[in-house]
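**Q** my questions are about this predicted structure, shown below with the sequence.
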Amino acid sequence: MNRLTNRTAIVTGAASGIGRATALRLASEGATVVVADLQDDKAAEVVAEIEAAGGAASAVHLNVTDEASWAEAVAQTVSTHGGLDILVNNAGIGDTVPIEQSTTDEYQKVIAVTQDSVYYGLKAAAEALKASGNAAVVNVSSMFGIVGGFGTSPAYAAAKGAVRTLTKSVALGWATQGVRVNSVHPGFVDTPILGETDRQMLADTTPMARIAQPEELAAAIAFLVSDDASFMTGAELVVDGGYTAR
């Protein structure tokens, strides 16, 4: 499929995990992908992988918690590629302790990377996305932005819940301005963010009895940014193996 030919996409956190899989998938469907990450070496590797497969990509150094860095990334994208049509706000981190054991600094770090970054990205990219005339944004939330988790990730849950409702608010604001804004809500995915977490334990809590692969989330994101989802905005696409269906 070449659903995304002649479109330029920024994908954050694209050096690994869901971001990397998404960058590869969008490029395979014809998009020119800007691989945005703090990890310059790994971002360059993703660009090389895309180019080796016949796709088009470039890398940009992006600190998603910094407004100036966002402004530079968007400006560089528009200057290099002539515009911006797709934004995937994927970057995020989690926490792993109950609220009574957490610290304010730890909480605020998760909020900055996982929640504030989405606000900064939407704000920085707004003008370029509207100029596209047919733009799409996907904000990566979580199933734990919809339901409670294990009680050990209060900042993550708060951030992902905020991403969910921020998505809906901006979608309504941009509904007649040629920009669709949707969220995707992954369940447990086999990515570095899981760290040393027992993956079998996570699979055992999931109705489909397994955890997702990053490519499965990338497929959902590719659908949402394509014209196949042309009448979807403010929607939440849950990809959780049935976790929230109970």
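**A** That came through, no problem.
**Q** hmm, Val238 is touching Thr244, no?
**A** Yes: shown here, Val238 and Thr244 form a contact pair, counting by CB atoms under 8 Å, at 5.8 Å. Where you see a C-beta, it was placed from the backbone N, CA and C, and this is true even at glycine.
**Q** hey, what's in contact with both of those two?
**A** Shared contacts of Val238 and Thr244 (CB atoms under 8 Å, 6 or more residues apart in numbering): Met143, Ile146, His185.
**Q** out of Val238 and Thr244, which sits in the more crowded spot?
**A** A count of neighbours by other CB atoms under 10 Å puts Val238 above the other of Val238 and Thr244, at 20 against 14.
**Q** now do the phi/psi pair for that one.
**A** Note on Val238: its backbone torsions stand at phi -90, psi 130 [degrees, to the nearest 10].
**Q** helices or strands next to the helix or strand hosting Thr80 in the packing?
**A** Taking DSSP states H and E as the criterion, the element that holds Thr80 is helix 67-81. Packing contacts for helix 67-81, counted by 3 or more CB pairs under 8 Å, 6 or more residues apart in numbering; DSSP states H and E, involve strand 8-12, strand 32-37, strand 56-61, helix 117-132.
**Q** now for Glu236: which residues touch it?
**A** Counting by CB under 8 Å, 6+ apart, Glu236 has contacts Ser141, Ile146, Arg164, Thr167, Asn182, Ser183, Val184, His185.
**Q** surely the last one meets Val238?
**A** The reference is to His185. Yes: between His185 and Val238 there is a contact at 4.5 Å, judged by CB under 8 Å.
**Q** overlap of the contact sets of these two?
**A** Counting by CB under 8 Å, 6+ apart, the contacts common to His185 and Val238 are Met143, Ile146, Thr244.
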